[in-house]
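Visitor: Build me a model:
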Amino acid sequence: MSTRRNRSKRIALGGAVAVVVAGGLVMTQNSFADTSGRGSRSSVPTAADASGNCSDVHIIVTRASTERPGTGIIGSLATAVTRASDQNITVEATDYPAVLNPYAPSVAAGIEAATKQLTDEATDCPNTKIVMMGYSQGAHVIGDVLAGTGRAAGFTRSAPVSADISDKVVAVVLMGDPRHVPGEAFNAGTSRTAGLFARGDDASLDAFADRTQSYCDTGDTFCASGASIATHLSYTRKYNSDAQQFILQKIGG
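Guide: Numbers count the residues shown, from 1 in each chain. Below is the predicted model:
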């Protein structure tokens, strides 16, 4: 059975990326911190057990920038789904830097780690339904795992995970995604503007439209290129109930 321990790899930051990051993210370096303390641990199981038993559902959770290791604030959604379902559900946090400065290498490390998590789970437990959820940088990471980076300026280019792996993913929830694109069928929330690093056609999530909900509200500093950090931090409070119902429908109860 493949190991589920993921090693984050830091990648050198090029000058072009430094310009991109300085233009939008570095000045709010502590904005995503989970000051409630909820981000430090999860109240739900963490991955399949050592005997190799496979769960009905496996949730991969990728935290936001500056949150402490663990499931972060969006872990509350994983907890809600686990408590509401009669199925056997395991939850696994993505182990990656989740730093704002330098941002691009952190994203690259997250993509590498989450890709391994998804690939290991799909390979080891082919009948398990996989859910992926991420907040802010975590949403950026998950989107790039599934759809690739494309030609996004300043970011290490990566290909999407293979279809035989991504086909195991039954639900995707993104909150405050900096790669938000307005007008997508899977968008939720009020935003009609693009995020700081909006996806191009070469990294589209359209193939996952029926499995995805992306929450972004007008004014959000990162997913809507606005000026409101408060909006960016509000999604679990506003949308967890809606996202929970979406996931429960996709996993079948």
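Visitor: All the strands of the stretch 1-150 of the chain, in order from the start?
Guide: For the stretch 1-150 of the chain, the strands defined by DSSP state E, counting those that start in this stretch occupy 57-62, 89-93, 129-135.
Visitor: what's the closest of those to residue 164?
Guide: Nearest to residue 164, of all those, is strand 129-135, at 12.7 Å by C-beta to C-beta. (C-beta placed from N, C-alpha, C; glycine too.)
Visitor: and the closest one with strand 89-93, angle?
Guide: 40 degrees (axes from the mean of the first three to the mean of the last three C-alpha atoms, to 10 degrees).
Visitor: Just the buried positions in stretch 184-200, please.
Guide: For stretch 184-200, a neighbour-count test (16 or more other C-beta atoms under 10 Å) marks 184, 186-189, 191, 193-199 as buried.
Visitor: closest to residue 151 among those residues?
Guide: Distances from residue 151 to these, taken as C-beta to C-beta, are shortest for residue 199 (10.4 Å).
Visitor: I'd like to know the phi and psi angles of that closest one, please.
Guide: Residue 199 has phi and psi values of phi -70, psi 140 when expressed as degrees, to the nearest 10.
Visitor: and what of residue 173?
Guide: Dihedral angles (degrees, to the nearest 10) for residue 173: phi -120, psi 120.
Visitor: For it, give its distance to residue 53.
Guide: Counting by C-beta to C-beta, to the nearest Å, the gap between residue 173 and residue 53 amounts to 25 Å.
Visitor: same check, this time on residue 153
Guide: Distance from residue 153 to residue 53, by C-beta to C-beta: 44 Å.
Visitor: Reformat the strands of the stretch 1-150 of the chain into TSV and put mean pLDDT next to each item.
Guide: TSV is the format used below for the strands of the stretch 1-150 of the chain (pLDDT from 0 to 100):
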stretch	mean pLDDT
strand 57-62	98
strand 89-93	98
strand 129-135	98
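Visitor: any residues touching stretch 191-210, and which ones?
Guide: Applying C-beta atoms under 8 Å, 6 or more residues apart in numbering, the external contacts of stretch 191-210 come out as 20, 24-25, 140, 143-144, 146-152, 155, 160, 166, 169, 172, 177-186, 212, 214, 216-220, 222-226.
Visitor: what do you get if the cut-off is 7 Å, keeping everything else the same?
Guide: 24, 143, 146-152, 172, 177-182, 185-186, 212, 216-218, 220, 222-225 (C-beta atoms under 7 Å, 6 or more residues apart in numbering).
Visitor: Tell me the predicted confidence for residue 182.
Guide: If you check residue 182, the pLDDT there is 97.
Visitor: Let me know whether my guess that it is in a strand holds.
Guide: No - assessed with DSSP: H, G, I helix; E, B strand; the rest coil, residue 182 is coil; it does not lie in a strand.
Visitor: Count the neighbours of it for me.
Guide: Residue 182 has 13 neighbours, counted by other C-beta atoms under 10 Å.
Visitor: With residue 56 instead?
Guide: Residue 56: 17 surrounding residues under other C-beta under 10 Å.
Visitor: so what's the residue nearest the centre of the chain bridging to?
Guide: Taking C-alpha atoms, centre = their mean, the centroid of the chain lies closest to residue 134, which sits 2.4 Å from it. Judged by DSSP bridges, the bridge partners of residue 134 are residue 62, residue 174.
Visitor: how much space between it and residue 145?
Guide: Counting by C-beta to C-beta, the gap from residue 134 to residue 145 is 9 Å.
Visitor: same thing with residue 73?
Guide: From residue 73 to residue 145 the distance is 20 Å (C-beta to C-beta).
Visitor: and residue 98, how many residues sit next to it?
Guide: Look at residue 98: counted by other C-beta under 10 Å, it has 28 neighbours.
Visitor: do the one 3 residues further on as well
Guide: With neighbours defined by other C-beta under 10 Å, the count for residue 101 comes to 16.
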